[in-house]
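J.: just coords:
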């Protein structure tokens, strides 16, 4: 799970943070900077954010959800418009027409928050989730070097008249593509908080866990999950006796892989210590497990994502 931030500068400086979620969605946070060297002394009501996306993204599939006022934790009503290189407004009060559009061109999408002005809402920090209607994943790289715009009204000093408005434009930094995980037949994505005990044979992975197969033609996709071929895991770690037993990964953590392909991973080692407790948000470590299916050797790569402040505590495995 990667995250990155950048600043859109103006009379009010705005920080935009984009976070990759494990389910392939992105969380966008747009905040007025009110403290530190990048604070200008002015604030504003964030009405909308506009952006472009990479050419590989089908703009027509984009959709938003889970709008939140981060200062109050209350839900935010979202309105959005997505149309490739055609968006300058969501409705009449959030338009970006003017210098920003002249410089950057029309945007691929716009997301509006709440209502005009501060009569009903006054958003200083707001977030939303961006996803695709067909479930195709989005990444930071999809917004690398893309143009952004922010529309603010009720701009002024806190406690003052706040009768100004702003249209700000900027460009996201270069977000590198995530490096491919080499030598993996299956990839299991989880977090350092995954400290559950092994599942009973026949149970699927826990809700929220993801398995991504780099080769969709692999007959043994997802360790036989939803297997209809009658295949069986014949050994784990090179030993048939390890099937159904607790095994340690190449870079820590433990797993139990059953003959039917179901499995349970834990970030805890056999001493009940969390091998990934030192990871922070944005940190990822990979540990691997080798198993055989009907004599064919496979490698399961487990990507463990860090959680700041998690502490890595929990019960034992096994």
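T.: In hand now; what should we look at? Since the structure is predicted, the reported quantities are computational estimates derived from the model, not experimental observations. Numbering: from 1, shown residues only.
J.: okay, now the residue lying closest to residue 33 once chain neighbours are set aside: neighbour count?
T.: Spatial nearest neighbour of residue 33, excluding adjacent residues (Cβ to Cβ, 6 or more residues apart in numbering): residue 13 at 4.4 Å. Heads up, the C-betas are built off the backbone N, CA and C, glycines and all. The number of residues packed near residue 13 is 20, by other Cβ atoms under 10 Å.
J.: Following the chain past the helix or strand of the chain with the lowest mean pLDDT, name the next helix or strand.
T.: When the helices and strands of the chain are scored by mean pLDDT, DSSP states H and E, strand 210-212 comes last with a mean of 43. Sequence order places strand 233-236 as the next helix or strand after strand 210-212, per DSSP states H and E.
J.: Give me the buried positions along that following strand.
T.: Neighbour-count burial for strand 233-236, counted by 16 or more other Cβ atoms under 10 Å, picks out 233, 235, 236.
J.: Same question for stretch 146-162.
T.: 146, 147, 148, 149, 150, 151, 152, 153, 154, 155, 156, 162.
J.: Could you dump the residues you listed into CSV with distance to residue 288, pLDDT and secondary structure added?
T.: Shown next, in CSV, are the buried residues of stretch 146-162 (distance: Cβ to Cβ, whole Å; pLDDT from 0 to 100; DSSP: H, G, I helix; E, B strand; the rest coil):
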residue, distance to residue 288, pLDDT, secondary structure
146, 34, 97, coil
147, 40, 98, strand
148, 38, 98, strand
149, 43, 97, strand
150, 43, 97, strand
151, 47, 96, strand
152, 48, 94, strand
153, 52, 92, strand
154, 53, 93, strand
155, 53, 95, strand
156, 56, 95, strand
162, 56, 91, coil
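J.: of those, closest to residue 118?
T.: Nearest to residue 118 among the buried residues of stretch 146-162, counting by Cβ to Cβ, is residue 154 at 4.5 Å.
J.: so how many other residues sit close to the nearest residue to residue 114 once chain neighbours are set aside?
T.: Ranked by Cβ to Cβ, 6+ apart and with sequence neighbours excluded, the top spatial neighbour of residue 114 is residue 121, at 4.0 Å. By other Cβ under 10 Å, the residues close to residue 121 number 19.
J.: Could you do residue 278 as well?
T.: Quick note: residue 278 (other Cβ under 10 Å) scores 11 neighbours.
J.: So it belongs to a helix, correct?
T.: No: counting by DSSP: H, G, I helix; E, B strand; the rest coil, residue 278 is not part of a helix but coil.
J.: ok, residue 59 - contacts?
T.: Neighbouring residues of residue 59 by Cβ atoms under 8 Å, 6 or more residues apart in numbering: 53, 82, 83, 84, 108, 109.
J.: same question, residue 124
T.: Neighbouring residues of residue 124 by Cβ under 8 Å, 6+ apart: 31, 32, 34, 43, 45, 46, 71.
J.: Equivalent analysis for residue 39, please.
T.: Here residue 39 is in contact with 13, 33 (Cβ under 8 Å, 6+ apart).
J.: now residue 5
T.: Residue 5 makes contact with 15, 16, 17, 18, according to Cβ under 8 Å, 6+ apart.
J.: same thing but at 6 Å, please
T.: Going by Cβ atoms under 6 Å, 6 or more residues apart in numbering, residue 5 touches 15, 17.
J.: Return the set of residues that bridge with it.
T.: Legend: beta-bridge partners of residue 5 under DSSP bridges are residue 17.
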